[in-house]
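[1] here is my input, please return the structure:
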Amino acid sequence: MPVIKTVRGNSPIIPEDCFIAENATIVGEVIMGNQCSIWFSAVVRGDVNFIKMGNKVNIQDGAVIHGTYQKAGTTIGNNVSIGHNALVHGCTIQDNVLVGMGSIIMDGCVIESNSIVAAGAVLTQNTVVESGSIYAGVPAKKVKNVSKAHIEGEINRIADAYIKYSSWFKE
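    Modelled structure (predicted):
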């Protein structure tokens, strides 16, 4: 049974078509869109500030989504994949974004639409990832532009795959 808790009078809002793994944790002011999935050992902590997600967002195993008290909530757009063990903290992620495994996105960052944050990348505070860019490294820097093949073969493919995977657990 997942941990879903009200904190400071704020209860998570989770549409019925979402998948929540048995050991996921979702607490506080969390608003999820349709067809979202929160995977094994993922933590979505809306205790100190809000977390808002659009439709078709997948938060993969071990990822942590949080914010900073009285400073920075977290907003995630539509068709976004947050890779295994990523840390997403007090930032804005727009539509059609892939956040790679083990990456770290700090307070004040903005990941514009149609972008990729590579696995293991560290986006320091207030970094802006320009629309259509791939950022990689520590600290993360732009390494190239996103191609149409990246959008179809990575961003959309992974988001769609997680809708399929979550259906296996609803049977």
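[2] state the distance from the residue nearest to the spatial centre of the chain to Ile76.
    By Cα atoms, centre = their mean, the chain has its centre lying nearest to Ile82, at 4.1 Å. For Ile82, the distance to Ile76 equals 8 Å [Cβ to Cβ, to the nearest Å]. For every residue, glycine as well, the C-beta is placed using N, CA and C.
[3] shared neighbours of those two, anything?
    Common contacts of Ile82 and Ile76 (Cβ atoms under 8 Å, 6 or more residues apart in numbering): 57, 65, 88.
[4] can you flag the buried ones in these?
    57, 65, 88 (16 or more other Cβ atoms under 10 Å).
[5] dump those into TSV; add distance to Arg157, pLDDT and secondary structure as well.
    Formatted as TSV, the buried ones among the shared contacts of Ile82 and Ile76 follow (distance: Cβ to Cβ, whole Å; pLDDT from 0 to 100; DSSP: H, G, I helix; E, B strand; the rest coil):
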residue	distance to Arg157	pLDDT	secondary structure
Val57	15	98	strand
Ile65	22	98	strand
Val88	21	98	strand
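[6] out of those, who's nearest Val30?
    Val30 lies nearest to Ile65 out of the buried ones among the shared contacts of Ile82 and Ile76, by Cβ to Cβ, at 8.4 Å.
[7] helices of the protein, start to end?
    Here the chain has its helices, by DSSP state H, at 148-150, 157-169.
[8] now, of those, which is deepest in the fold?
    helix 157-169 (a mean of 15; mean count of other Cβ atoms under 10 Å).
[9] can you list contacts of it?
    Outside helix 157-169, the residues touching it (Cβ under 8 Å, 6+ apart) are 18-19, 21, 35, 37, 56, 58, 60, 79-81, 98.
[10] what's the answer for stretch 18-25, then?
    The contact list for stretch 18-25 (Cβ under 8 Å, 6+ apart) reads 1-4, 14, 26, 32, 34-45, 61, 166-167, 169-170.
[11] contact partners for Ile14?
    Taking Cβ under 8 Å, 6+ apart, one finds 4, 20, 26, 30, 32, 36 in contact with Ile14.
[12] now do 6 Å
    Residues counted as contacts of Ile14 (Cβ atoms under 6 Å, 6 or more residues apart in numbering) are Met32.
[13] do Asn49 as well
    With contact taken as Cβ under 6 Å, 6+ apart, Asn49 is in contact with 67, 73.
[14] show the model's pLDDT score for it.
    If you check Asn49, the pLDDT there is 98.
[15] same thing with Glu171?
    Glu171 is given a pLDDT of 72.
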